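Visitor: Here is a sequence together with a model predicted from it:
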Amino acid sequence: MSLLQVKNVTHSYAAPHQFFKEKKRATVLSNVTLSIEHGKCLSLLGTSGAGKSTLGKVILGLEKPQKGQVFFQGVDVYNTDSSTRRRLRRDLQVVFQDCYSAVNPQMNAEQIIGEPLQNYETLSLKEHKRTIGELLETVGLKLDDRHKYPHQFSGGQLQRVNIARAIALKPKLIVLDEAVSSLDMVNQTKILQLLSDLKSAFGLSYLFITHDIKAAYSISDVLAVMEKGEVVELCEDKSQFFQSPHPSVRSLVSSILSEHPRNRSV
Ligand SMILES: Nc1ncnc2c1ncn2[C@@H]1O[C@H](COP(=O)(O)OP(=O)(O)OP(=O)(O)O)[C@@H](O)[C@H]1O
Ligand SMILES: [Mg+2]
């Protein structure tokens with residue numbers, strides 16, 4: 001059984017209200033079907049507005065789709081009791097692009113990372129502090145960093161704090177929505193390496209949402225491309241991706257080829 005199954009999901013948002021006009025809904029996801037296996041990473045590529053973040057929200061249980069189902073660990077996430085939903089929430093975490101807005105600026109790293117532990121675990125104070133120390137070390141931060149507030153970290157360091165929070169409860173799946181996009185190349189590479197290491201060490205699965213085909217290729221096992229709310233290409237074996245004749249894939253591939261100095265026209 002797959003860890004996550006998205007089955008025939010269709011979703012639309014209500015268009016802004018306009019007087020004297022019939023209220024319309026804009027379809028953002030159209031009959032989307034995909035799955036993520038245990039310990040695997042599926043990268044979701046596609047142009048802006050394709051519906052990637054909306055699909056992430058649907059998977060996270062934040063946006064109930066009009067049609068279709070989402071099964072996480074075999075449970076229909078929109079059709080289950082509240083205690084099961086609470087258990088699923090613990091196994092399903094998220095890291096967003098904007099590391100600063102994802103945290104409370106008045107909380108220090110210890111409080112940020114400790115929040116999910118306080119919500120879900122019943123650790124003694126000593127165990128709580130020890131766990132936070134281990135998490136900081138796992139993501140490559142120092143024990144002293146626990147006293148720092150968000151504005152005292154660089155973007156790359158704060159994203160490590162966010163990752164520590166996301167892995168605190170040893171989840172099964174993490175949705176990474178443009179999680180490295182706002183970082184410089186050096187930090188992007190370091191965080192991608194950290195995510196790959198965590199995936200191997202803890203058997204994590206990822207939904208890696210990105211515009212960056214190189215980052216997607218480096219971290220994922222499976223590559224999917226969305227266009228106008230539909231999954232238009234799904235390569236279970238990522239090495240097939242570059243051979244795909246689909247126009248969306250061709251334009252993604254040509255966008256990286258054109259970066260090479262030899263292929264530049266100007
Ligand atoms: N809460 C909302 N209410 C109404 N429309 C929305 C809402 N969220 C997203 N949309 C619309 O849904 C479409 C898909 O948005 P979404 O954020 O899922 O795209 P995306 O693929 O993540 O884009 P990007 O790569 O720019 O992040 C867009 O047209 C967007 O304007
Ligand atoms: Mg998005």
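Guide: Looks like it arrived, so ask away. Ligands and ions are numbered 1, 2, ... in the order given.
Visitor: give the contact list for E115.
Guide: Neighbour list for E115: 107, 165 [criterion: CB atoms under 8 Å, 6 or more residues apart in numbering]. All C-beta atoms are positioned from the backbone trio N, CA, C, and that covers glycine.
Visitor: Run the chain-centre distance for stretch 180-192.
Guide: 15 Å (CA atoms, centre = their mean, to the nearest Å).
Visitor: Please enumerate residues in contact with that stretch?
Guide: The contact list for stretch 180-192, computed with CB under 8 Å, 6+ apart, reads 97-99, 140, 154-156, 159-160, 163, 179, 210-212, 215, 218-219.
Visitor: Which residue is the nearest non-sequential neighbour of V95?
Guide: A179 (4.4 Å; CB to CB, 6 or more residues apart in numbering).
Visitor: separation between that neighbour and ligand 1?
Guide: Applying CB to the nearest ligand atom, to the nearest Å, the value for A179 to ligand 1 is 12 Å.
Visitor: what about that residue, neighbour count?
Guide: 29 (other CB atoms under 10 Å).
Visitor: pretty sure it is touching Q159, no?
Guide: Yes: look at A179 against Q159 with CB atoms under 8 Å: they come within range, at 6.8 Å.
Visitor: tell me, what's touching these two both at once?
Guide: Common neighbours of A179 and Q159 (CB under 8 Å, 6+ apart) are 95, 191.
Visitor: any idea how far the residue nearest to K24 when sequence neighbours are not counted is from V180?
Guide: Distance criterion CB to CB, 6+ apart; nearest residue to K24, sequence neighbours excluded, is A15 at 4.6 Å. Noted for A15: a distance of 33 Å to V180, by CB to CB, to the nearest Å.
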